[in-house]
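> Please find the sequence and the predicted model below.
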Amino acid sequence: MVSYINKLLVKRQSTSGSVCKLVLGGLQPADELLCCEDNLPCLASSPICSSTNKLTRCFFINKLGACERNDTLAKTVCQYQDGVYCLKGETDIPYDEDQLGGWNVIYWIFARYTAIRSVNGYTDEKTGPLPGAPPPAPAAPPPPGGELPSKAPKGLQNPSSMVCSDSMASGICQIKDDSGYKNFNYIVEICNNDIDIINSPPQIYNYNSTTTVSTTVSTTVSITTTILSPPKTIITTVTENSQSSQNSQSSHSGTNHLETGSLSSLLLVILLIITTGNIIGRRKFGIFCTI
């Protein structure tokens, strides 16, 4: 009976996708760096793991130091006071403490649970060996007849610094080592008796919009028909308004000149006829007419 229970426990522990639930149920320890290999029970504080994407570290949210923060991202996690917070590796890098050049940068990535270390843009760097630390062991001598076979490292090569996004949501750390910069992606999982979710970072959307601006010219023209006539507003485009105004002015001007010229000519003709008649009358009949 005991053997059967142990087999069930091992089977549940080997399911890396439910590590958060295992910690919640007390089947795995909190505040420990767990290496959960496939089909094997999770190991706490293991110095080696086949890949960093099998590493997880969980905390009970009611004891999470990052909940001292008062921002929206922290509140999203810390509202689940009866739950568990887990930071899980996503990037595939071999994990071996002895190959990290004296500074276990992977450990410190998973230790970003305090209010200070959890914020976006947090940086850390290698400070060198502690005072009084023993010097590194000398390299092994080459075997007789040749050099040691070269073994190119597949993981990090002497990491020296890191900078990370906010650890309250899934994100990324950038690690600097001897070969340059490497990205380390991680996932934030939150679970309690009711939920088991991945907390993703907030999305920022870029909208490309085109705005068309049309301008309308408003001209107010006062037409004097009666004293109480209100001003009329004519809305046209600039080009049409200018052309119509010029044409209107030319038309009215020509008409006014034509009418004035015709009237003057008619009066002049009448005056000439009357004057000529008076002259003829005086000479022929001796009559003086007054107009």
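Looks like it came in fine.
> And the strands in this protein, which stretches?
Using DSSP state E, the strands of the chain run over 33-35, 43-44, 48-49, 55-60, 84-89, 95-96, 122-125, 161-164, 171-177, 180-191, 196-198, 217-221, 232-236.
> Select, out of the ones you listed, the one closest to Leu267.
strand 217-221 (34.3 Å; C-beta to C-beta). Backbone N, C-alpha and C define where each C-beta goes, glycine included.
> so for that closest one, what's the average pLDDT?
Throughout strand 217-221, pLDDT has a mean value of 42.
> do stretch 175-183 as well
Here the average pLDDT along stretch 175-183 is 94.
> And for it, what's in contact with it?
91, 93, 101, 105, 156-162, 172-174, 184 (C-beta atoms under 8 Å, 6 or more residues apart in numbering).
> Of the residues you listed - the most surrounded one?
Leu156 (26 neighbours; other C-beta atoms under 10 Å).
> residues in contact with the nearest residue to Thr114 once chain neighbours are set aside?
Nearest residue to Thr114 in three dimensions, chain neighbours excluded: Gly65, at 4.0 Å (C-beta to C-beta, 6 or more residues apart in numbering). Neighbouring residues of Gly65 by C-beta under 8 Å, 6+ apart: Tyr113, Thr114, Ala115, Ser118.
> any low-confidence regions in the stretch 101-250 of the chain?
128-154, 204-250 (pLDDT under 70).
> show me where it has helices.
105-109, 238-285 (DSSP state H, counting those that start in this stretch).
> Phe60 - nearest residue in space that isn't next to it in sequence?
Phe60 sits nearest to Ala30 (C-beta to C-beta, 6+ apart), 5.5 Å away.
> ugh, wrong one, I meant Cys173
Cys164 (3.9 Å).
> For that neighbour, give me its contacts.
Contacts of Cys164 by C-beta under 8 Å, 6+ apart are Ile109, Arg112, Asn120, Gly121, Tyr122, Thr123, Gly171, Ile172, Cys173, Gln174.
> among the residues you listed, which ones are buried?
Among the contacts of Cys164, the ones that count as buried by 16 or more other C-beta atoms under 10 Å are Ile109, Arg112, Tyr122, Gly171, Cys173.
> Give the bridge partners for Leu43, please.
On the basis of DSSP bridges, Leu43 is bridged to Cys35.
> returning to what we had before: list just the nearest of the buried ones among the contacts of Cys164 to Ser265.
Scanning the buried ones among the contacts of Cys164 for proximity to Ser265, where the rule is C-beta to C-beta, the winner is Gly171, at 96.6 Å.
> Kindly provide the distance from the residue lying closest to the closest one once chain neighbours are set aside to Gly89.
Spatial nearest neighbour of Gly171, excluding adjacent residues (C-beta to C-beta, 6+ apart): Ser165 at 3.4 Å. Ser165 sits 14 Å away from Gly89, going by C-beta to C-beta, to the nearest Å.
> Between the two, which has more neighbouring residues?
Legend: neighbour count by other C-beta under 10 Å for Ser165 and Gly89, higher for Gly89 (24 against 19).
> and the more buried one, what is it in contact with?
Per C-beta under 8 Å, 6+ apart, neighbours of Gly89: Ser51, Thr52, Asn53, Lys54, Leu55, Thr56, Ile106, Phe110, Phe184, Asn185, Tyr186, Ile187.
> which ones are touching the fifth one?
Spelled out, it's Leu55. Leu33, Leu34, Cys35, Cys36, Cys49, Lys88, Gly89, Tyr95, Ile106, Phe110.
> and with 10 Å instead?
Applying C-beta atoms under 10 Å, 6 or more residues apart in numbering, we find Leu55 in contact with 16, 33-36, 42, 46, 49, 87-90, 93, 95, 106-107, 109-110, 186.
> which of the residues you listed count as buried?
16, 33-36, 42, 46, 49, 87-89, 93, 95, 106, 109-110, 186.
> follow-up on the earlier one: please produce CSV containing the contacts of Gly89, extended by distance to Ile195.
As requested, these are arranged in CSV below (distance: C-beta to C-beta, whole Å):
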residue, distance to Ile195
Ser51, 27
Thr52, 26
Asn53, 23
Lys54, 23
Leu55, 23
Thr56, 18
Ile106, 28
Phe110, 22
Phe184, 26
Asn185, 23
Tyr186, 20
Ile187, 15
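> closest to Tyr80 among those?
Ile187 (16.4 Å).
> okay, now the closest one: neighbour count?
17.
> Identify the bridge partners of it.
Lys88.
> Correct me if wrong: it contacts Arg57.
No. In this structure Ile187 lies outside contact range of Arg57 using C-beta atoms under 10 Å: 11.8 Å.
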